[in-house]
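J.: The sequence isn't on hand, but the structure is:
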């Protein structure tokens with residue numbers, strides 16, 4: 001039986017599976033075991049010597065529930081396969097080191113998640129890999145900054161934390177003309193709002209801790225790409241060992257089932273909150289691509305299915321004023337991370353981007369007065385009232 005075409009909300013719940021008449025469990029069980037029994041020694045030899053992958057062998061190599069999760073994730077992103085890891089940074093580091101080798105160059109932008117920046121600035125050089133940081137505008141003239149050593153282009157869209165939108169179609173065409181592999185961190189958008197592979201990106205990474213997990217109770221990461229590349233990443237992970245826990249596999253399968261409805265509600269709430277902040281007298285600037293006066297509005301409307309649940313805004317003043325607002329919130333929580341059902345707020349200069357110098361923060365367009373908001377599922381009227389009372393405590 002060939003499955004009928006399915007939309008993202010259906011794929012997140014069922015994948016392309018047809019369970020009719022199979023007596024399969026509705027919810028895949030948790031495979032809480034470290035190892036698996038082979039039927040006989042020939043099967044062991046087949047797996048270890050002849051490369052026959054008919055059986056499961058060891059938790060570091062995966063389990064049946066993980067296979068279901070990875071198939072569903074690949075379908076959601078439009079890729080051939082996916083691989084889950086113990087954290088988002090495990091996925092990012094595994095991906096980059098599976099593409100690059102000594103002597104290669106990576107091109108990226110300065111506006112990235114702080115630990116990704118730390119990996120690029122502080123770790124890749126130890127592998128003999130050079131990193132070139134370029135302003136976003138330079139990616140649209142990639143041939144002017146790329147060299148023969150350039151093998152990888154890495155960026156986020158929307159960017160963390162200030163939600164700049166990059167034109168994936170324009171960038172990927174240039175990169176592929178130059179033979180450069182492309183990676184997008186799609187964490188801020190989620191596959192409900194954006195599918196970079198459909199726009200030509202080679203590889204997508206996520207911190208699955210965020211929207212994919214969605215309940216602030218999972219630590220995980222995922223890579224999506226071709227089967228060949230994902231197998232390369234799996235082989236590397238089997239050596240380095242960033243294995244996802246089987247219980248987190250279960251939690252992610254649970255969370256994917258509500259991904260569409262959660263993200264749609266977060267999109268709606270974020271737009272209402274952004275509109276409220278955009279006209280508030282104590283707010284200097286709002287960064288949200290769903291606002292018509294945002295410079296990325298038209299591009300986001302073309303490239304994304306929804307504008308997302310993340311907002312960044314700047315209050316008048318500096319870090320002290322931003323801290324005063326955050327510390328006076330009653331409903332929203334002062335916590336790092338994002339994508340959960342509860343609204344979280346953070347100040348990037350003291351959290352996700354605390355390691356950046358003053359010059360690097362300026363280059364990344366991250367200001368001391370900036371507050372990042374991961375909008376949750378609460379009633380938007382309550383969120384607006386919470387910000388109203390906290391902002392009104394500013395002079």
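T.: All right, it came through fine. Quick caveat: nothing in here was measured; it's all calculated off a predicted structure. Residues are numbered from 1 along each chain as shown.

J.: these two touch, right, residue 275 and residue 291?
T.: Yes - the criterion here is Cβ atoms under 8 Å, and residue 275 meets it with residue 291 at 7.0 Å. C-beta coordinates here come from the backbone N, C-alpha and C atoms, glycine included.

J.: Tell me which of those two has more neighbours.
T.: residue 291 (19 against 16; other Cβ atoms under 10 Å).

J.: isn't that one right up against residue 300?
T.: No - the pair residue 291 / residue 300 is not scored as a contact, 9.8 Å apart, by Cβ under 8 Å.

J.: Need the three-state assignment for residue 345.
T.: strand (DSSP: H, G, I helix; E, B strand; the rest coil).

J.: is it in a bridge, and if so with what?
T.: residue 334, residue 373 (DSSP bridges).

J.: tell me the contacts of residue 94?
T.: 85, 223, 233, 236-237, 240, 242 (Cβ atoms under 8 Å, 6 or more residues apart in numbering).

J.: Sort out which of the residues you listed are buried, if you could.
T.: Buried by 16 or more other Cβ atoms under 10 Å: 85, 223, 233, 236-237, 242, out of the contacts of residue 94.

J.: Break the chain down into its domains, please.
T.: Following automatic domain parsing, one finds the domains of the chain at 73-256, 259-391.

J.: average pLDDT for the first one?
T.: Pointing back at domain 73-256 there. Mean pLDDT, computed over domain 73-256, is 97.

J.: gap between the two ends of it?
T.: 9 Å (Cα to Cα, to the nearest Å).

J.: Over to stretch 146-160?
T.: 24 Å.

J.: in it, what counts as buried?
T.: Buried, per 16+ other Cβ under 10 Å, within stretch 146-160: 146, 150-160.

J.: and what of stretch 202-219?
T.: So, applying 16+ other Cβ under 10 Å, buried residues of stretch 202-219: 202-214, 216, 218-219.

J.: so how far is that stretch from its chain's centroid?
T.: 6 Å (Cα atoms, centre = their mean, to the nearest Å).

J.: ditto for stretch 298-318
T.: 16 Å.

J.: Against which helices or strands is the helix or strand where residue 183 lies packed?
T.: Using DSSP states H and E, the element containing residue 183 is strand 181-185. Applying 3 or more Cβ pairs under 8 Å, 6 or more residues apart in numbering; DSSP states H and E, one finds that strand 181-185 contacts helix 88-99, strand 150-156, helix 168-177, strand 203-207.

J.: Great, nothing more from me.
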